[in-house]
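Chemist: predicted model follows, preceded by the sequence.
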Amino acid sequence: MSRNRSYVQNVLSLPEGTDVGWLKFGRGSQVAPKKVAVSIRLSPQVVAHFRRGGPGWQTRIDELLCYWVAVSGRRARLLRLLEAQRRVEVARKRSIRRPRRPRG
């Protein structure tokens, strides 16, 4: 807070008529954006549920979606692993030759 206050005091101490159009106040742009601005439509029930939680409701939605992506990725890997395991079992059963019964 004191850093911002000293910055403002320095700007206010400039001689009158100094061009300060180059000054920017506020957050500024991100060097490497970590999020993408999108517009989605959500059910009123979903929005109401998250807004009841107070400030940060959009962040909570983002966290929930990130969790879902992580879980669904693990689920897909697990399903591929189970499918590969099933194929190994089928191949193993095929490779085991059962003795043929004698004819006749």
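Modeler: Okay, I see it. For clarity, every value in this text was computed on a predicted model and none was experimentally measured.
Chemist: which helices and strands does the helix or strand hosting residue 59 pack with?
Modeler: Taking DSSP states H and E as the criterion, residue 59 maps to helix 57-95. Secondary-structure packing of helix 57-95 (3 or more Cβ pairs under 8 Å, 6 or more residues apart in numbering; DSSP states H and E): helix 44-52. All C-beta atoms are positioned from the backbone trio N, CA, C, and that covers glycine.
Chemist: who are the packing partners of the helix it packs on?
Modeler: Helix 44-52 sits against helix 57-95, with contacts defined as 3+ Cβ pairs under 8 Å, 6+ apart.
Chemist: run the chain-centre distance for the helix it packs on.
Modeler: 18 Å (Cα atoms, centre = their mean, to the nearest Å).
Chemist: I'd like the average pLDDT over it.
Modeler: Averaging pLDDT along helix 57-95 yields 85.
Chemist: that one: which residues count as buried?
Modeler: Using 16 or more other Cβ atoms under 10 Å as the test for burial, helix 57-95 gives residue 61.
Chemist: which outside residues touch stretch 53-63?
Modeler: 35, 42, 46, 47, 50, 51 (Cβ atoms under 8 Å, 6 or more residues apart in numbering).
Chemist: just the C-alphas of it, formatted as CSV.
Modeler: Provided in CSV are the C-alpha atoms of stretch 53-63 (Å, rounded to 0.1, in the frame of the first residue of the first chain):
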residue,chain,number,x,y,z
GLY,A,53,-20.8,-19.0,-2.1
GLY,A,54,-19.9,-15.3,-2.3
PRO,A,55,-17.0,-13.6,-4.1
GLY,A,56,-14.8,-15.8,-6.2
TRP,A,57,-17.7,-17.8,-7.7
GLN,A,58,-16.2,-17.8,-11.2
THR,A,59,-12.9,-19.0,-9.8
ARG,A,60,-14.7,-21.9,-8.1
ILE,A,61,-16.3,-22.8,-11.4
ASP,A,62,-12.9,-22.8,-13.0
GLU,A,63,-11.4,-24.9,-10.3
